[in-house]
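Enquirer: curious how this folds, go ahead:
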Amino acid sequence: MEFKLTAKDPGSAARAGKVSTAHGDIETPVFMPVGTAGSVKAVHQRELKEDINAMIILGNTYHLNLRPGLDVLQSAGGLHKFNGWDRPILTDSGGYQVYSLSDARKIKEEGVTFQSHIDGSRHHFTPEGVMDIQRKIGADIVMAFDECTPYPCEYDYARDSMQMTHRWLRRCCDRFDSTEGLYGYEQTLFPIVQGSVYKDLRKQSAETIAGFGREGNAIGGLSVGEPAEMMYEMTDLVCNILPSDKPRYLMGVGTPANILECIALGVDMFDCVMPTRNARNGMLFTTQGIINIRNEKWKNVHEPIDPELGGYVSTFYSRAYLRHLIHSKEILGAQIASIHNLTFYLWLVREARKQIENGTFAGWKNDMVSRVSRRL
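Expert: Here you go, the predicted structure:
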């Protein structure tokens with residue numbers, strides 16, 4: 001993997017770049033739709049490519065390991081061949097699932113034992129094992145195994161967890177570097193900065209992670225319930241430490257406003273389930289603000305969902321029709337809303353890139369944060 005910076009905004013730390021992988025280039029800033037189990041919910045691969053123009057999608061180690069299982073993925077030739085997606089893929093290591101399964105897991109130095117959310121069966125993840133799993137899945141970018149701490153979190157727990165994450169990272173790197181990809185192309189390992197919301201821990205973790213010299217770096221353990229300003233403070237601190245010639249990936253973030261603010265702090269890559277999850281519940285993100293399409297006020301509004309956005313779905317279907325589908329629990333409603341929200345998110349980061357290249361990002365960002373945060 002290679003990363004090249006192509007532009008910097010004079011009024012902020014925002015930057016534009018290009019990540020080159022075996023499955024194609026990724027222009028940054030980028031938003032990555034989440035395809036947890038090998039599928040972005042309610043969206044075809046054709047729509048992801050042609051309508052939404054996603055450059056990269058995510059898969060999840062924990063979920064793919066349980067279903068369909070590694071034997072199936074290997075027999076297909078990896079996740080790209082299995083799901084028909086020929087552009088880059090990133091896989092989360094399962095560390096966030098360890099966090100979310102707090103009632104069904106035990107964390108020790110060796111690794112994590114947990115119960116499957118599907119059938120209650122017991123499984124054991126180690127740093128080495130997670131690297132082997134991600135080799136078999138075959139993602140272009142794989143994540144180190146870490147522990148995502150909750151918020152709030154006691155200082156001592158955050159410190160001990162961070163130190164264990166660093167020890168696990170060494171084991172991840174040793175295993176990753178001693179093995180090769182299984183499908184004829186190279187993979188790249190990203191470490192993850194932890195430390196909860198404590199400045200000294202975040203600083204220590206960012207310095208440690210930077211010291212590993214990997215091709216890219218991630219920031220984890222944020223967007224887990226802490227105030228937005230605290231998330232921005234931690235992100236700013238870390239971005240000022242992580243090397244500027246490597247891509248920075250802020251995991252699990254977030255709202256359109258979150259993304260714009262963190263681009264301004266120097267983040268390059270984002271992912272979040274919000275656009276698709278909220279879509280299925282009737283929340284739409286538009287160029288003018290946030291719409292709850294279930295509200296009565298949209299019942300007779302026959303204008304397109306978002307004519308300014310462009311794209312077939314956003315300009316063809318009306319708000320009234322989409323409201324009808326969502327209320328009727330028609331599957332097409334979830335599909336239209338999901339495609340629209342992802343189209344908006346991808347438009348937002350592409351527009352941010354244009355503004356960075358033009359040197360006008362800072363002023364544009366302030367206006368857009370206000371627009372995309374208001375309720376219509």
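
Enquirer: every contact and neighbour count from this point should use C-alpha atoms.
Expert: OK.

Enquirer: residue furthest from the geometric center of the protein?
Expert: N300 (35.6 Å; C-alpha atoms, centre = their mean).

Enquirer: need the contact list for it.
Expert: A320 (C-alpha atoms under 8 Å, 6 or more residues apart in numbering).

Enquirer: and the pLDDT at it?
Expert: Predicted confidence (pLDDT) for N300: 98.

Enquirer: longest helix of this protein?
Expert: Assignment by DSSP state H gives helix 331-358 as the longest helix of the chain.

Enquirer: got the angle for the helix or strand following that one vs helix 331-358?
Expert: The first helix or strand that comes after helix 331-358 along the chain, using DSSP states H and E, is helix 361-373. If you take axes from the mean of the first three to the mean of the last three C-alpha atoms, to 10 degrees, helix 361-373 sits at 160 degrees to helix 331-358.

Enquirer: just the buried residues of helix 361-373, please?
Expert: F361, A362, K365, M368, V369, R371, V372, S373 (16 or more other C-alpha atoms under 10 Å).

Enquirer: and of the residues you listed, the nearest to L48?
Expert: The shortest approach to L48 among the buried residues of helix 361-373 belongs to V372, at 22.5 Å (C-alpha to C-alpha).

Enquirer: where does pLDDT dip in the protein?
Expert: Counting by pLDDT under 70, the chain shows low-confidence ranges at 98-102.

Enquirer: center of it - which residue?
Expert: D271 (1.9 Å).

Enquirer: over to that residue: give its phi and psi.
Expert: Dihedral angles of D271 (phi, psi; degrees, to the nearest 10) stand at phi -150, psi 160.

Enquirer: now the one 10 residues further on
Expert: Phi and psi for N281, reported as degrees, to the nearest 10, are phi -100, psi 10.

Enquirer: just give me the neighbour total for it.
Expert: Residues near N281, counting by other C-alpha atoms under 10 Å, number 18.

Enquirer: in stretch 127-141, what's buried?
Expert: Neighbour-count burial for stretch 127-141 flags 127-128, 130-141 (criterion: 16+ other C-alpha under 10 Å).

Enquirer: which of the residues in the host helix or strand of T6 are buried?
Expert: Element membership of T6 [criterion: DSSP H and E] is strand 2-8. Using 16+ other C-alpha under 10 Å as the test for burial, strand 2-8 gives F3, L5, A7, K8.

Enquirer: of those residues, just say which sits nearest to H80.
Expert: Once C-alpha to C-alpha is applied, the member of the buried residues of strand 2-8 that ends up nearest H80 is F3, at 21.9 Å.

Enquirer: list the beta-bridge partners for the closest one.
Expert: Using DSSP bridges, the bridge partners assigned to F3 are V19.

Enquirer: likewise the one 4 residues further on?
Expert: Applying DSSP bridges to A7 gives these bridge partners: A16.

Enquirer: my read: it touches I356, true?
Expert: Yes - taking C-alpha atoms under 8 Å as the definition, A7 is a contact partner of I356 at 6.6 Å.

Enquirer: which neighbours do those two share?
Expert: R15, A16.

Enquirer: neighbours of G69, just the number please.
Expert: G69, neighbours per other C-alpha under 10 Å, totals 16.
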